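Chemist: I need the structure of the sequence given here:
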Amino acid sequence: MSPAPILVLIVNYRTAALTMRAVEAILPEIRARGDAHILIVDNGSDDGSVQAIAAGIERLKIADCCSLLALDINLGFAGGNNAGLARYRDASGGRWPEFIWLLNPDTEAEPGALNTLVDFLADHPGAGLAGGRCLRPDGSIRHSAFRFHSPLTEFVTALDFGPIRRVMSDYDVVLPIGQRPCRTEWLSGSHLMVRGTVFERIGLLDPAYFLYFEETDFCARAADAGFEAWHVPASRIVHLGGQSTGVTEAQPRGRRPRYWFASRARFLLRRHGAAKTHLANLLWLVATPIGSVIAHLRGRPRQEPPRLWRDFLCHYYGPRGLMYRTRELAA
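Modeler: Below you'll find the predicted structure:
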């Protein structure tokens, strides 16, 4: 690959067609700038993705600004991005990119999405991370700016009752956003620009998170190091969501995987300790069925993965429960 000041990282897992659509959406900006390189990391797809992506790069004649790194195994979101950063640093003599844009393969960036984030970080030296607005295919807004998880945010989110959310708005994990840039605590990793000095200061994404909460943890570590995180709504992408994992927003396809519960526990344990994590779990277990009953009575049944409450209880406190090995999870 050819090292450039701006590195666009796309981690693919069995979504080759979507990945190439994501690449084509940002190509005009990449070509116009001339200082950015796209690195596609295939996360051990073993479904022909490597061949399809290689053929796509050749078809588009973009080998000068787009390259492919094929991994033998699936390292997860954090591990895949870390592998891409390692490849860049190998090619650049150990240097970090000036900016790294983490972009999901199931996204289509609108014109100016890349330039807007680069310009914002260039104009705001205190900002270490910037994320843009995520839209659903129908044009509605997907949440992409959040507060850090805590016992009270778990209660408010699990209950999901409008009056309670308004009264306890300071503890709602979803941050209200408008049309202007605003400070936030953590940002969705589907559309996230990171200043290279952030990685240099705090290190890579934590590979112990296979999927989920890795960007939350990274933003928390960046905040602890003094970097600001900003939501920049003028940078926009359309995000399908959940195409690699099968965990979609509107129609969860199956039961929530164990690694989601492990990632959630790891974040809460590392940030709040065991006692507050147990409290967060208790509040979630109490609030979720109440919230489901309220939603049913209001004629707005919630779209939840099958057996979510039971899986939550079993994964954390059943045989081989995650909360029986809190030191290992938080290590």
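Chemist: give the contact list for Gly273.
Modeler: Taking Cβ atoms under 8 Å, 6 or more residues apart in numbering as the criterion, Gly273 is in contact with no other residue. All C-beta spots, glycine's among them, are computed from the backbone N, C-alpha and C.
Chemist: next, it: secondary structure please.
Modeler: State at Gly273, reduced to three classes by DSSP: H, G, I helix; E, B strand; the rest coil: helix.
Chemist: give me the pLDDT for it.
Modeler: According to the per-residue confidence, Gly273 scores 97 in pLDDT.
Chemist: quickly note the distance from it to Ala265.
Modeler: 12 Å (Cβ to Cβ, to the nearest Å).
Chemist: test my guess that Pro105 contacts Val11.
Modeler: Yes. With contact taken as Cβ atoms under 8 Å, Pro105 and Val11 are classed as touching, separated by 7.0 Å.
Chemist: what residues are up against the closest residue to Leu71 other than its chain neighbours?
Modeler: If the residues on either side of it in the chain are set aside, Leu71 comes closest to Gly44, at 5.1 Å by Cβ to Cβ, 6 or more residues apart in numbering. For Gly44, the residues meeting the contact criterion (Cβ under 8 Å, 6+ apart) are 13, 71-75.
Chemist: farthest pair within those residues?
Modeler: The most widely separated members of these are Tyr13 and Asp72, with 13.1 Å between them, by Cβ to Cβ.
Chemist: more neighbours, these two?
Modeler: Residue environment comparison for Tyr13 versus Asp72 gives the larger neighbour count to Tyr13, 25 against 9, counting by other Cβ atoms under 10 Å.
Chemist: how close does that one sit to Ile73?
Modeler: Distance of Tyr13 to Ile73, computed by Cβ to Cβ: 11 Å.
Chemist: okay, and the common contacts of those two?
Modeler: Between them, Tyr13 and Ile73 have 43-44 as joint contacts when contacts are counted by Cβ under 8 Å, 6+ apart.
Chemist: low-scoring stretches of the chain, by residue?
Modeler: Per-residue confidence of the chain (counting by pLDDT under 70) places the weak regions at 242-253.
Chemist: count the neighbours of Gly76 for me.
Modeler: Taking other Cβ under 10 Å as the criterion, the count of residues near Gly76 is 22.
Chemist: i'd like the first residue to be 23 from this point on
Modeler: From this message on, residue numbering opens at 23, which makes the last subject Gly98.
Chemist: what ranges do the helices span in the protein?
Modeler: Along the chain, the stretches classed as helices by DSSP state H are 38-55, 71-82, 98-113, 135-145, 173-181, 184-189, 218-224, 236-246, 280-319, 330-339, 348-352.
Chemist: show me which residues of the longest one are buried.
Modeler: Residues 281-294, 299-303, 305-307, 309-310, 313-314, 316-317 are the ones in helix 280-319 that count as buried (16 or more other Cβ atoms under 10 Å).
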